[in-house]
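Q: Sequence plus predicted model, see below.
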Amino acid sequence: MNGFPFPCLEGVSLAEHTTIRLGGPSRFFAECRTLEEIRRCLLWARTQGLRVQVLGRGSNILFADAGFDGVVLKAALKDLSFQETGAWAEVQAGAGENLDMLVRLCVEKGLSGIECLSGIPGAVGAVPIQNVGAYGQEAAETIRTVKVLDLRTLEEAEFAGKECRFGYRQSRFKSDDLGRYVVTQVAFRLRKGGRPEVRHAELAASLASSGAADLKAVREAVLALRRKKSMVVDPADPESVSVGSFFMNPVLPRESFEGLERRWRSMGGEASVPAFIVPEGVKVAAAWLVERAGFEKGYRRGGVGISANHALALVNRGGTTRELLALARDIQAKVLDKFGVRLELEPAVVE
Ligand SMILES: Cc1cc2nc3c(=O)[nH]c(=O)nc-3n(C[C@H](O)[C@H](O)[C@H](O)COP(=O)(O)OP(=O)(O)OC[C@H]3O[C@@H](n4cnc5c(N)ncnc54)[C@H](O)[C@@H]3O)c2cc1C
């Protein structure tokens, strides 16, 4: 325990705790497995006047090359329970549980609602932060409650799904309450014996060609599609050394989207801009904007670049955070200049 009132190490390389393998050392690194350990860690950090950065499995976060001059608190609480009532099952999972392991277990138990989230790296505690989603499914659809610990008061609180203000890759935890809470547990409400609801065209086409459409088939199809795009973390695949999508798909008011289409046509663009209608407006494919702004898949610059299999995934090829952020800023600037659309970053950047 080296004198700390909670499990803590000093000078831990953050690159080793992130899927993009970037980031210098953390002055202190605490892997907290219980609420009590989290509380002790937060109190200690407060008495030392140190900043605290919460970490899950490091798949959506970018640390500075200089590292972090504070305490990185890895929320590693493990607990898992299934409770059945009528047609539903409530699944409670500790923040430190592996999301993909949870999805696999639920699929095996015939519980539907999170099967399309197969293959997303990360811990359960991070799921509500950006309302993870893929292939037509979002965590917000099944999250019943989120338990948190307030970093300021050290008190526990619980939010119903509706109170989390979920949106596309968005929630209260990533906006108004950014940095205020540690998520300690998430409860999902899943349907027993459920049939998958396939809403994504590419997934539907893949299932149609295999002829199967049960939960297991959906999970396998999603994993296969993701592997093709290097969207599962695979030590054998250098294109997966990323944080997944680096940019979110911009959602534009309808008039702005019409302006974008006019602009594209005036440039001689033949096809229309790929987009689809969402309640908030028109969601435009960021990957299309990135490629049309001159950043093709496989683009390389120094030690960083763009995945050969996914235009939105910036990859680390032995470079630095500084190089990666410079590339991201360049892409943003070119897209803004050419299309008048501002791309927002998806991962947390901790400098
Ligand atoms: C190859 C690849 C594919 C991906 N595909 C997808 C995808 O399809 N859809 C998608 O939505 N995302 C995707 N992601 C992004 C990422 O996996 C998810 O956002 C995931 O939820 C992040 O989990 P994490 O535990 O790694 O969080 P981290 O990266 O450790 O943290 C991310 C943010 O959440 C905060 N956080 C983490 N845990 C807690 C907690 N317990 N309490 C409070 N705050 C916390 C951190 O402070 C940070 O701000 C992908 C990433 C990769 C590398």
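A: Here it is on my side, so go on. Numbering: from 1, shown residues only.

Q: so what's Pro25 closest to, chain neighbours aside?
A: Gly67 (4.2 Å; Cβ to Cβ, 6 or more residues apart in numbering). Every C-beta, even on glycine, is put in place using the N, C-alpha and C of the backbone.

Q: Now do the one you found: how many residues are near it, please.
A: 20 (other Cβ atoms under 10 Å).

Q: just the CA coordinates of the lengthiest strand in the chain, formatted as CSV?
A: As assigned by DSSP state E, the longest strand anywhere in the chain is strand 181-192. C-alpha atoms of strand 181-192 as CSV (Å, rounded to 0.1, in the frame of the first residue of the first chain):
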residue,chain,number,x,y,z
TYR,A,181,-19.2,12.7,-10.5
VAL,A,182,-17.6,9.3,-10.6
VAL,A,183,-20.1,6.8,-12.0
THR,A,184,-20.1,3.8,-9.7
GLN,A,185,-22.8,1.6,-11.1
VAL,A,186,-25.2,1.4,-14.1
ALA,A,187,-28.5,-0.5,-14.2
PHE,A,188,-29.9,-1.6,-17.6
ARG,A,189,-33.4,-2.7,-18.3
LEU,A,190,-33.3,-5.5,-20.9
ARG,A,191,-36.0,-7.6,-22.5
LYS,A,192,-36.1,-11.3,-21.7
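
Q: Quick check: buried residues in the helix or strand following that strand?
A: Next along the chain after strand 181-192, taking DSSP states H and E as the criterion, comes helix 201-210. Buried residues in helix 201-210, defined by neighbour count with 16 or more other Cβ atoms under 10 Å: Leu203, Ser206, Leu207.

Q: ok, the residue nearest to Pro25 - contacts?
A: Neighbour list for Gly67: Leu14, Gly23, Gly24, Pro25, Ser26, Arg27 [criterion: Cβ atoms under 8 Å, 6 or more residues apart in numbering].

Q: What is the neighbour count of the nearest residue to Asn309 once chain neighbours are set aside?
A: Spatial nearest neighbour of Asn309, chain neighbours left out: Ser230 (4.3 Å); criterion: Cβ to Cβ, 6+ apart. When neighbours are counted by other Cβ under 10 Å, Ser230 registers 21.

Q: try Lys297
A: Residues near Lys297, counting by other Cβ under 10 Å, number 18.

Q: what's the answer for Glu156, then?
A: With other Cβ under 10 Å as criterion, Glu156 counts 14.

Q: tell me the phi and psi of it?
A: With angles defined as degrees, to the nearest 10, Glu156 sits at phi -90, psi 150.

Q: Could you pull out the buried residues of stretch 123-139?
A: For stretch 123-139, a neighbour-count test (16+ other Cβ under 10 Å) marks 123-135, 137-139 as buried.

Q: now swap in stretch 152-159 and tell me
A: Neighbour-count burial for stretch 152-159 flags Phe159 (criterion: 16+ other Cβ under 10 Å).

Q: Between the two ends of it, how far is it?
A: Using Cα to Cα, to the nearest Å, the end-to-end distance of stretch 152-159 comes to 17 Å.

Q: Enumerate the residues of the stretch 101-250 of the chain near the ligand.
A: Residues of the stretch 101-250 of the chain lying close to the ligand by Cβ under 6 Å from any ligand atom are 120-123, 125-127, 129-130, 132-134, 181-183, 231, 233, 240, 242-244.

Q: 5 Å instead, please
A: Within the stretch 101-250 of the chain, the residues that sit near the ligand (Cβ under 5 Å from any ligand atom) are 120-123, 125-126, 129, 132, 134, 182-183, 231, 244.

Q: For these, which two are the farthest from each other?
A: The most widely separated members of those, counting by Cβ to Cβ, are Val182 and Met231 (27.2 Å).
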